[in-house]
Structures are given as C-alpha cells and as structure tokens.
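Student: Build me a model:
(2 chains, ligands or ions: 2)
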2 protein chains.
Amino acid sequence: MSGQLYVDWRASLSLVGTVVKWLSVPMLFPLAVGVYYGDGGIPVFLTAIAVTFTTGWLLERLDADPDLGTREGFLMVSSTWLAVTVVGAIPYVLEGHGVPFLFAAESPASTLADPVNAVFETMSGFTTTGATVMGSISFDAHSRAVMMWRQQTQWLGGMGIVVLAVAILPKLSVGGAQLMDAEAPGPGLEKLTPRIAETARALWGIYIGLTALEIVLLYALHVLGYAPNMTFYNAVAHGFTTMPTGGFSPEARSIEAFSAVVQWLIVPFMLFAGVNFALFWHAITGDWRHALRDAELRFFAGAFAAGTAVLTVLLFTDSGLVNVENVGRIAGAVEPSLRYATFQMASIVTTTGYANMDFNAWGAPAQYVLLAAMFFGGSAGSTAGAVKAVRWLVILKSLRRELFTTVHPEAIRPIRLAGRVLDESTVRGIYAFTLLYFVIFAAATLLVFLLGATTDGPLTFLEASSAVAATLGNVGPGFGIVGPMNSYLPFPDASKLLMVALMWTGRLEIFPLFVLLTRSYWTD
Amino acid sequence: MSGQLYVDWRASLSLVGTVVKWLSVPMLFPLAVGVYYGDGGIPVFLTAIAVTFTTGWLLERLDADPDLGTREGFLMVSSTWLAVTVVGAIPYVLEGHGVPFLFAAESPASTLADPVNAVFETMSGFTTTGATVMGSISFDAHSRAVMMWRQQTQWLGGMGIVVLAVAILPKLSVGGAQLMDAEAPGPGLEKLTPRIAETARALWGIYIGLTALEIVLLYALHVLGYAPNMTFYNAVAHGFTTMPTGGFSPEARSIEAFSAVVQWLIVPFMLFAGVNFALFWHAITGDWRHALRDAELRFFAGAFAAGTAVLTVLLFTDSGLVNVENVGRIAGAVEPSLRYATFQMASIVTTTGYANMDFNAWGAPAQYVLLAAMFFGGSAGSTAGAVKAVRWLVILKSLRRELFTTVHPEAIRPIRLAGRVLDESTVRGIYAFTLLYFVIFAAATLLVFLLGATTDGPLTFLEASSAVAATLGNVGPGFGIVGPMNSYLPFPDASKLLMVALMWTGRLEIFPLFVLLTRSYWTD
Ligand SMILES: [K+]
Ligand SMILES: [K+]
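Tutor: Ligands and ions are numbered 1, 2, ... in the order given. The predicted structure follows:
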C-alpha cells in the first residue's frame, strides 16, 4: 500500500514513555535537596514528578508489548533525548513561573522561565554539553534544588550515553561505531540480551564507582583544609558533571572558584571520563595489559600529551599573561602554565567543558589549540562527544595507506586496529561520519550568522564557529561571548533552537537522527 | 640490494631540465616589453634567459633518453614546479641587486630582492595562487618588464596545470583524479601518446583563445571609452591572470581600479576558467548538450548561484556598507550589491583571487561565505585550485548513500556520476583527499601560529587560517593583514617558506608531492 509507514512508531514511543516514567525517580533527589535546604524546591519538584510520571505512563500505553527492530531503534533513541529534555525542562519553567492557585514563582527573573531557554539548558544537560543560558549562576537566583537538578541532568545523560555507546550505536552500525562491537558481541537490537544488559550494568557500576570516588576525594580535600569552598554540596555537584564529561558547575566561574589542588584532582577524572569504559572493565577483571595496549587509548594519550606540551609552552611564553584577572601571573611561571594547560586541554579534548580560568584572555595560538581539540574528542565508548580519537586514528591509518597505494596501485592493504582487520565499509563509515561532521559544522555556522546578531551585537567568526563547534561536539564553552565565564543567552531564539538541534545531533553521532529525515526510512 | 633507489631520478630531472630550458623562450616577452618601454628590463631578462637556458640544458644532460614510469612521473611533476620557481625568481632578484661589473640594481628597495620573497612571489605565480609579497605594486618601484613577467608566470603556470589536470593526474590516480580519465582515455604515462598530446594541444588552444578574447574585449572597452585606465598593457596583464585563475594585477588595488563595466566583463572569464576545459572541447566539437548536461558543471553553477544570492542579500542589508572607502554606498543599492557579490564569489570560488573592493570592510557573515568558498574550488580539469566541485559532489552523493545503507544495511548502491558507476576506490580516494586537505589546513594553521608573530603584531585566528586556506587552495588573498589590498610581506621567513610549500602542495593536489615523503616510494 502506497504511503504506508514501515516503522512501528508506537513501539518506539512506548519505550520512550518507559524512560520518561522512570525519570521521575531521580527527580526525588532534588526534591530531597529542597527538603534539606528548605529553599523552595519542594512544590517545583513535586509537580514535576507528577507531570513526568503521568506523561511517561501515558506514552507507555501506546503499545502493551513493544518489540524493537533496527528502525524502531533509531526512532526510540532520537526521541528519548528529546522527550526527556521536554519533561526535564519543567522544573526550570516552574521555578520561574510557579503554578497559579497552587504555588508562586520563586525566581520570577530567571532566564530559564522562558521555555526556549529552559529547553536549551535541559538539552545541554542531558547531552552533557554544558552550554548554559542561565543568566545568573547563583543561589540568590535559583534554589539549591534546581541547581542540583541541573547538575544531575548531566549525570543521568551520561548513564544514557554509556548504554548508547556500548549497546545501541554498535548495533546500528553508525559511522564506524561498529568498532565498539567487539566489546559486546551479540545478536541484533531486537532483544536486549542478558549479555548486553550485563555489560551495561558493569559499565554503570564503573561510572557510579568513579563518580563516588571523586565526590569522596573532593570532600576529603575540603575536610583536610585544602579546599575551603568545596562543600559537600559542591563535591556532589561536580561529581555529577565530571564523569559524564558534562561541565556544568553551580559556581559562576566554574573550577576557577576552587584551589589549585582541586583543579589538579579533577584532571584525572576528566581523563577517565574520556576513556573507553570497556577498558576499565578489562582492567578490573584483571586484564590490565589489554587495557594499556589499546590502540585508541595510546593514540588519545599521545595526542593529549602533545597538545598539553604545546599549550604549556604557549602559556609560559605569552607575555600578555602577567596580570590575569582573578588568576595572577601565568607567563614565566611553571606550575600555573602547566596547570592551566593541562586542565584546559583535558577539559576540552574530553569535551567536559570545565574552565579553571577564562581562556578568552589567552593569545590566539593557544586558543587555536583548544579549538582544534574541540574536534578531536575523547574515546569511543566513553561519555565524550565530538569526532572521537578512534575515528581520527583510522583516518590517519587510511591516509597512510592511500599514499602507499598511490605508489603501489596493485597492493591490497587492509587497515588493522589492535590486530583486527577493519571492514572497508567501516572505514568508509568513519570517513563519511567525519566529513558529515565538518559539513554540518560549516553549514550551521552559516545559519548562526544568517539567524542574526546577538543582543550583544554582531558575531565574530570565532564566536559563531566556536559556538557551533562547542554545541555540536557537546563541549560547552567556546570563545568570545560564548566563553567559559559567559553564556549563550545573547543569541536569538532561532539560533538557540538550532543549537539544541546541534547538541542532539552531536550526541547521537548524527546518523540515528539524520536517517529520520530520509524518505526511505519511513516508507521503503 | 638494500638501500637501492627504485626511482630513476636522472630521467625525471632530465625532463625537468627540458621544461626549464624551454622556459627561457617565454622570457623573451618581458624582454620585448623592456625594449618597448626602455625602462631597464633588458639586462635583467638577458641575464635571466642565459641562466635559465644553461641550467635547463645542464639538467637535460643527466639522461640522454629519459623514460618515465609512474614513480618518475611523481618526481618529475613535483620537481618541475620547484625548478621553474627557482629560475623564475631570477628576474626579481636581479632587478633588486643588479649584477656586479655588469649592470646596476634598478630597484634596490624592492622587497623581492630578498630571495625568500622572490621565491614566494614566483611560486605564487606558477601555482596561479596570486598571494603577493611585493611591497609596492607600482611602476615607480618595478619596471614594466618585471611586472609583466609576474603576470606571465601565472599564464605559464596555467598552461602547465592544463596538462597536469588532463594528462598527468588522472594517470597517477590521485585522490579521485581518475574521474577525469574518461575525457582522455589511453595507456600509462610511459609515453605521451599522440592522443594525449593532441588533447593537451586542443585544451591549450581553448586556453589561448579565451585569453586572447578577453584581452581584445578589455582593450575594446578602453577604446570605446568605458575603461579609461584599461590600457593595452593592462589588458594583456589581466588577460594573462584570468584564465589561469591567477589573480595577480599590476594595479595595487586589483580590479577595484577599473570601471564597473570592466568588473562585469571579467566575471564570465573567471567562471570559464573554473570550468572543466574538456567541456569547451565538447562544445566546440558540436556536442553542446554533453557539456551542459555535465553533473559537475551543474553542481558548480548551482553552488555559485546560491552563494552569490546569499552574499548579495548580506551586502545589500549590511548597514555598515554605506560609506566604503574608494567604493561608496553598497547597502541598499542593487547594482553594487549584486556586482560586488557576483565578482567576489566568482573570484574566490574559482580561486582566481581578484578583488573589486577590500572585502575586509564586509561584515563577518559575508566574509564567512567567502571563506567557505575558498574550500569549494572550481571544477576538476580547470585551472582552479582547492578541493574542487566534483569531489564535493561525490562526497554528498556518498553521504546520502551512507544514510540509506544505515537503514538498509543489506542494500548495495553504487555511486553514479553522469551515468557511470564510480569505483569504490575512487570514492575512497576522494574522501581521503578531502580529509587530508583539512588535516593539512589545520596543521599548517597551527604551524603559522607557532612560527611567530608578523612584523605587524600578533596574528588573529582569521588571519592565520585564511592565509593557509588561501595559499593551500591557490586562492591568493585572505582576510585581515592578508586581505586583497594587503600582502604576505609581514610574515616571518619561516612562515613564508611554509606557504611556498602549501602553494606547491595544493597545486599538485597533495599526493604527487606527499608520496615523495614516504619511504616505500624510494626503496620498495
Ligand atoms: K561538555
Ligand atoms: K589564484
């Protein structure tokens, strides 16, 4: 029959409903925070929980026994991030508006009272991007409950990404994601087999364990007197946003607000968050060698070390970095040069997005290194965004092969990764993904320009392009008005919605979302 | 035998010698210009001709009967551009220094007296890049003979590119260049068959004919009173730099120096120069339909039209473009908006590099459109540089296929171009070329930053990246200090030499030069 849909959208949306329904459970945590501090989060989160649970329950009714094929998988994955974003935005809107006859607005001046801003902030949270449109990042403007919810969206998003990266994308053979498949072999997506469920549980265990370890260590620094403002609230808040490479902070000046020892402690956790979680599993189950021999890990470590070295030299020799606001002298000072370089390179290359200073103060060469790092990304199978190290590694290997076969046209040379021969379709998928990533980047930058100037005036090249790179790559901060101590608030609504789409696109590795735009997905 | 070279470098260099020897013949033209104007070019070019002929003759002696295989082809092609650059720089150096006991320097203050600058200017000429390091573009600082030689290097470079694009690169199967092979089928590079030689002659005929037509039309405008300063000298000078998509002008303010009607006349010639020359051949031999049906031509035309439309709207609405120096009002004025948009889009997308105004005055959105066009490039088989339209077309087709096969993993879908099925290795070559192009762009931009500030102070992002894009893409001008009315003079020598390498790399479509850097090229 012509025009018939070949996708079981009811099954997909029913499973989305299940996810939404369960999202009401973690909302109990900010409710508890509201109860503890008594600062007004209680009616906001009680209402949000009720709405979230009901919405999820209703969606779930669409199909009593949902059965997913590959196509339904694409729809389910894409819709999930959108659906949780819509319901996850409710607390922000409620805090700004209140509910007539039920409770009054607590923060009537909140920029997040605007639904576009609230959706931006929530998509930024669940995709672990960390770009913000919060006008005032302060407990004067927002309750501790809502501020904790903001941190928690990233942590929950990270949980979703772990499942996405290990169990779903490899099955959908997206842009070379099948590389990850060796870690979780099994049948199609039709049934989440015990094996995949077990893998996901194990990786969640690692994720939860590292989060807990970071919280404990951060708070220990506070107790020992090395971090006066790293309260238990702050320890939890930052624990929630490191492992998902999120980057939200309840401090307006991000990690600059904390002592040098806190900054150093966060570095390894950002790097852990950028490593393929399957390697931790290997390490924990006794196979340390396998983990350390991993080709992607070595490549990532080498790139990180090289980038940090270049950045350290650039900061050390930049004569402009003598009297930096809130920071002091960096030029000519060894520990600060090394600390700012290491922290920012770790933060940007893993797409975490924390800042331990406003890198708008850096010279253009050092900023350029950061911008390039925004496209590099962490490892596949981690919570990091952007192109990811393994794709760059395969591309470099393939370029070397191309040079070789130009001279030796008759030679057949498969590309190997960790001893395995890669399928040529995998190599092609990686090329396609990476070029599509750049095409989207270039087109979206043009669109941001065409959608108009900000309330701060015309955009520069660097502002427009870094805003796109930072949202598409789920990094968070860019340069200029979207610098780490600034926000995306001055953009027109249309640009903000475009960036919501970019964060969503980047997080899903483009293809699961873009196939929904093709005719043949729905009708063939 | 270990360590033995498998490349017959004597054969390669002997043929390079032949090219160098013959280069002394076109040097007779600037000599004639010197004789006509009596402004001092005579001793410069007599000496240059003697040195060039002798160098070529000596190189030629390396092998009495050179026989080229594929590998020797790579070496010969790469060395040719370098060798003609070195001897082609002689007139600039002689003009600045003179020859002791023979003749005195005519322009002791010339920036091109410095060999690094002279080599930069010459490589920029022969690669038809059009980036300049000439301190003063004026007949007060340089003889008319030397200024004509500068124009002529581009025209000669264009002759070389026609052969390269039609007869050599397709045989070397470089980065998808085999696409062009259908236009000139035949055996390997071992012998330039009559068929290929005939093709090259036919295309040279088109090249010479279009050049002559442009010179006649430009001078006719002068005679008819529409172009007071388009003297016969200027008509020839610009005829020499349009068809090779060169962009050098003896006028310091490029095409801004001429009337609007001159500017409009040059537009179609720039576009012709960006079209696959084989299509003109089809058209001339009566097969107009074949030419107009060409997939790359249509794609290029569509991209050009879209880019020009966007640019026109941006210039028309830019409130900053009301009192532009030397130009007047553009904002709100239809003909000027259309003219500046059409001219600059044609100039940049075909990588010609002429300017009819200083586009540094434009807003960032309009500049962004130009920057993006720098990566697009003209058609394969033309004299244009950069990535080239056909590669982008194949990439877009391949990305569409990738979306389709993500949903239909079992489907086999070859990529077709003009009804022909493309080999998967061709598609892969195109992906590899394009990504390598971006990798070189990103790495070279970092290097430009690391090689240090200019004599004008620190570089901005846009300056560093557009300088690299404009030299690697053989475009010529960039933004900021490398804008169309400025020059590459303020860069440190190391950066200039890097850009010489970039112009060379970009013109040879990367692979013929880069394979020389692999071990297996020399020893396997
Ligand atoms: K982030
Ligand atoms: K040019």
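Student: what number of residues lie near residue A:326?
Tutor: The local packing of residue A:326 (other C-beta atoms under 10 Å in any protein chain shown) involves 11 other residues. For every residue, glycine as well, the C-beta is placed using N, CA and C.
Student: residues in contact with it?
Tutor: Residue A:326 makes contact with A:253, A:256, A:357, A:358, according to C-beta atoms under 8 Å, 6 or more residues apart in numbering or on different chains.
Student: measure it to residue A:35 for me?
Tutor: 35 Å (C-beta to C-beta, to the nearest Å).
Student: rewinding a little: can the contacts of residue A:326 go into CSV with extra columns for secondary structure?
Tutor: As requested, the contacts of residue A:326 are arranged in CSV below (DSSP: H, G, I helix; E, B strand; the rest coil):
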residue, secondary structure
A:253, coil
A:256, helix
A:357, coil
A:358, coil
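Student: got a winner among those for most neighbours?
Tutor: Using other C-beta under 10 Å as the neighbour test, the contacts of residue A:326 are led by residue A:357, with 27 neighbours.
Student: Hmm, that residue is touching residue A:328, no?
Tutor: No: applying C-beta atoms under 8 Å, one finds residue A:357 not in contact with residue A:328, separated by 10.0 Å.
Student: Report the separation between the residue at minimal distance from the centre of chain A and residue A:353.
Tutor: A centroid search over chain A (C-alpha atoms, centre = their mean) returns residue A:128, at 3.0 Å, as the residue closest to the centre. Distance of residue A:128 to residue A:353, given as C-beta to C-beta: 9 Å.
Student: Mutual contacts of the two, please.
Tutor: A:245, A:246, A:247.
Student: which residues in chain A form strands?
Tutor: Here chain A has its strands, by DSSP state E, at A:416-417, A:420-421.
Student: Please name whichever of the ones you listed is nearest to ligand 2.
Tutor: Minimum separation from ligand 2 across those (C-beta to the ion) falls at strand A:416-417, 40.3 Å.
Student: contacting residues around residue A:325?
Tutor: Per C-beta under 8 Å, 6+ apart, neighbours of residue A:325: A:358, A:361.
Student: now swap in residue A:60 and tell me
Tutor: A:14, A:17, A:18, A:21.
Student: Distance of it relative to chain B?
Tutor: Note on residue A:60: its distance to chain B, by C-beta to the nearest C-beta, to the nearest Å, is 26 Å.
Student: Excluding chain neighbours, give the residue nearest to residue A:331 in space.
Tutor: residue A:321 (4.3 Å; C-beta to C-beta, 6 or more residues apart in numbering or on different chains).
Student: Distance of residue A:114 relative to residue A:134?
Tutor: Between residue A:114 and residue A:134 the computed distance is 11 Å (C-beta to C-beta).
Student: What parts of chain A come near ligand 1?
Tutor: For chain A, the residues in contact with ligand 1 (C-beta under 5 Å from the ion) are A:130, A:247, A:351, A:353, A:476.
Student: Just the buried residues out of those, in PyMOL syntax.
Tutor: For the buried members of the residues of chain A next to ligand 1, the matching PyMOL selection, counting by 16 or more other C-beta atoms under 10 Å in any protein chain shown, is:
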select buried, chain A and resi 130+247+351+353+476
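Student: Confirm for me that residue A:499 is in contact with residue A:491.
Tutor: Yes: using C-beta under 8 Å, residue A:499 is in contact with residue A:491, at 7.4 Å.
Student: where does chain A have its least confident helix or strand?
Tutor: In chain A, the helix or strand scored least confidently by mean pLDDT, DSSP states H and E is helix A:169-172, which has a mean of 70.
Student: which intervals of chain A have sub-threshold pLDDT?
Tutor: A:1-4, A:171-196 (pLDDT under 70).
Student: mind listing what's buried in the top helix by length along it?
Tutor: For chain A, the longest helix by residue count, based on DSSP state H, is helix A:194-223. Neighbour counts using 16+ other C-beta under 10 Å place A:196, A:199-200, A:202-203, A:206-207, A:210-211, A:214-215, A:217-219, A:221-222 of helix A:194-223 among the buried residues.
Student: could I have stretch A:452-465 exported to CSV, CA atoms only?
Tutor: The C-alpha trace of stretch A:452-465 is given here as CSV (Å, rounded to 0.1, in the frame of the first residue of the first chain):
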residue,chain,number,x,y,z
GLY,A,452,21.0,37.3,13.2
ALA,A,453,23.1,39.3,15.6
THR,A,454,23.0,38.7,19.3
THR,A,455,21.8,41.2,21.9
ASP,A,456,25.5,41.9,22.4
GLY,A,457,25.9,43.0,18.8
PRO,A,458,27.3,41.3,15.7
LEU,A,459,29.1,38.0,16.0
THR,A,460,32.7,37.4,15.1
PHE,A,461,33.9,34.4,13.1
LEU,A,462,35.4,32.9,16.2
GLU,A,463,32.2,33.3,18.3
ALA,A,464,29.9,31.8,15.6
SER,A,465,32.2,29.0,14.7
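Student: where do the helices sit along the stretch 51-200 of chain A?
Tutor: With DSSP state H, counting those that start in this stretch, the ranges of helices along the stretch 51-200 of chain A come out as A:70-88, A:90-97, A:115-126, A:144-163, A:169-172, A:194-223.
Student: out of those helices, which comes closest to residue B:106?
Tutor: Closest of those to residue B:106 is helix A:115-126, at 64.4 Å (criterion: C-beta to C-beta).
Student: Contacts for the closest one, please.
Tutor: A:81, A:84-86, A:88-89, A:92-93, A:96, A:111-112, A:129-134, A:150, A:153-154, A:156-157, A:160, A:246, A:248, A:471, A:476, A:488-489, A:493, A:496-497, A:499-500, A:503-504.
Student: still on that earlier bit, and the contacts of residue A:60, which two are the farthest apart?
Tutor: Across these, the longest distance by C-beta to C-beta is 10.5 Å; it joins A:14 and A:21.
Student: any residues in contact with both of these two?
Tutor: Contacts common to residue A:14 and residue A:21, judged by C-beta under 8 Å, 6+ apart, are A:59, A:60.
Student: Please report how far residue A:259 lies from residue B:313.
Tutor: On the measure of C-beta to C-beta, residue A:259 and residue B:313 end up 52 Å apart.
Student: OK, contacts around residue A:357?
Tutor: Residue A:357 sits next to A:256, A:324, A:326, A:327, A:340, A:344 when contact means C-beta under 8 Å, 6+ apart.
Student: before we move on, back to that, the residue nearest to the centre of chain A against residue A:473, yeah?
Tutor: No: using C-beta under 8 Å, residue A:128 is not in contact with residue A:473, being 11.1 Å away.
Student: Quick check: neighbours shared by these two?
Tutor: A:351, A:385.
Student: ok so, going back, out of the strands of chain A, deepest packed?
Tutor: strand A:416-417 (a mean of 14; mean count of other C-beta atoms under 10 Å in any protein chain shown).
Student: Tell me how chain A divides into domains.
Tutor: Split into domains by the TED database, chain A comes to A:193-346, A:347-516.
Student: Can you give me the end-to-end span of the last one?
Tutor: By C-alpha to C-alpha, to the nearest Å, the extent of domain A:347-516 from end to end equals 32 Å.
Student: Give me the distance between that domain and the centre of its chain.
Tutor: 12 Å (C-alpha atoms, centre = their mean, to the nearest Å).
Student: Over to the shortest one?
Tutor: Once both centres are worked out by C-alpha atoms, centre = their mean, domain A:193-346 turns out to sit 14 Å from its chain's centre.
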